[in-house]
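Student: structure for the following, please:
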Amino acid sequence: ISPGPAGFEILAQEKRMIPSRVTVSGKEITCENVASMRVPAGYRVQGKQLQSFSTPVRGPIKEVMRDRMTFIFGTAGTPEENAWMLAKARYDAEQFWYRGNGGVKVLADTDAKSATGTRVLYGNSAINKLWSKNAPIKVESGSLKYSEKSANGSVGSIFWFSDKGRSVVCIGGTDLAGMKSTERLPLFVSGVGYPDWVVFKPSVVAEGYQGVIGAGYWSPDSNPGEFVWR
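Tutor: The predicted structure follows:
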C-alpha cells in the first residue's frame, strides 16, 4: 500500500486478499487483484495523480542493482582515469561474483550502447561516453551540481536515476581523487544501505559522516525529493 490519489493505493497483490477491501474512516474501499480501486462516496482525487512510476525498478541504489546489471567503464579520460574505471568495474564484478555467485558483463562505453537492464556507469560526464545528459546530478571534471547546490574540487558520488524507462547507476567523481573515494563503498555487503544519491569528499574514508556533502531521495515521479546538503 502506497500514498495515492485517494489517500493510498494498492500497487500490487501477489494473491487476492480475502476479503479484498480496506476500511478508511468507516468507509469501505474494494480492491481488485492489481492496482485498481473503487473510491467510495465522500472521497475525491486531490493533487497530482501518479499513473505509474517512471521505471519498473525503484530505489534506493542497491535495490536498483538487482536488475540484470551491466558495468560500463569510460574510455575518454586520461590514461590514469581510464585505468581506474576499468579496474573499478572489474573489481565490483568480482565482488558480485564472490558474494552473490552472479555474473555481470563488464563493457567499455564504446561497446555497450545496446546493453539491457540496469546500466552501472563509471567516471563522469566528460570521460564516459554513455553518461546521460538527463542525469539529475551533473558530475563534470572539477565540479558537481545538483539542483541549486554545487561542489567544486575533488568530489565523489554514487546515485541512480531513471533515464527513458531505464535504471542507471552512476559511480564516480569530478577527478581521479574523487573517483577513488568510491572504492571503499561496500555495494554488495548485506546490512549496508544507501539512499538514492550520495555526494562526498575524499576525506569521507577517514572522517565518516563528516565527509558527506549531501544525500537524498527522489520523489515517486523521479523528481528531486527530500535531501540534506552541508
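
Student: ranges for the strands of the protein?
Tutor: 21-24, 27-30, 70-73, 105-108, 119-123, 137-140, 143-146, 149-152, 156-163, 166-173, 197-200, 212-218, 224-229 (DSSP state E).

Student: would you turn those into a markdown table with mean pLDDT, distance to A206 and mean neighbour count?
Tutor: For glycine as for every other residue, the C-beta is placed from the backbone atoms N, C-alpha and C. Putting those into a markdown table (pLDDT from 0 to 100; distance: least, CB to CB, whole Å; neighbours: other CB atoms under 10 Å) gives the following:
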| stretch | mean pLDDT | distance to A206 | mean neighbour count |
| --- | --- | --- | --- |
| strand 21-24 | 62 | 50 | 12 |
| strand 27-30 | 62 | 53 | 14 |
| strand 70-73 | 96 | 27 | 26 |
| strand 105-108 | 96 | 30 | 18 |
| strand 119-123 | 96 | 23 | 27 |
| strand 137-140 | 96 | 22 | 20 |
| strand 143-146 | 95 | 20 | 19 |
| strand 149-152 | 94 | 18 | 14 |
| strand 156-163 | 93 | 13 | 24 |
| strand 166-173 | 94 | 16 | 24 |
| strand 197-200 | 95 | 12 | 25 |
| strand 212-218 | 93 | 13 | 19 |
| strand 224-229 | 87 | 21 | 14 |
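
Student: any chance of a markdown table for those, columns distance to N82?
Tutor: Supplementary listing: the strands of the chain in a markdown table, determined by distance: least, CB to CB, whole Å:
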| stretch | distance to N82 |
| --- | --- |
| strand 21-24 | 55 |
| strand 27-30 | 56 |
| strand 70-73 | 8 |
| strand 105-108 | 9 |
| strand 119-123 | 9 |
| strand 137-140 | 17 |
| strand 143-146 | 20 |
| strand 149-152 | 23 |
| strand 156-163 | 18 |
| strand 166-173 | 12 |
| strand 197-200 | 23 |
| strand 212-218 | 26 |
| strand 224-229 | 31 |
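
Student: which among the ones you listed is found nearest to D92?
Tutor: D92 sits nearest to strand 70-73 of all the strands of the chain, at 6.1 Å, using CB to CB.
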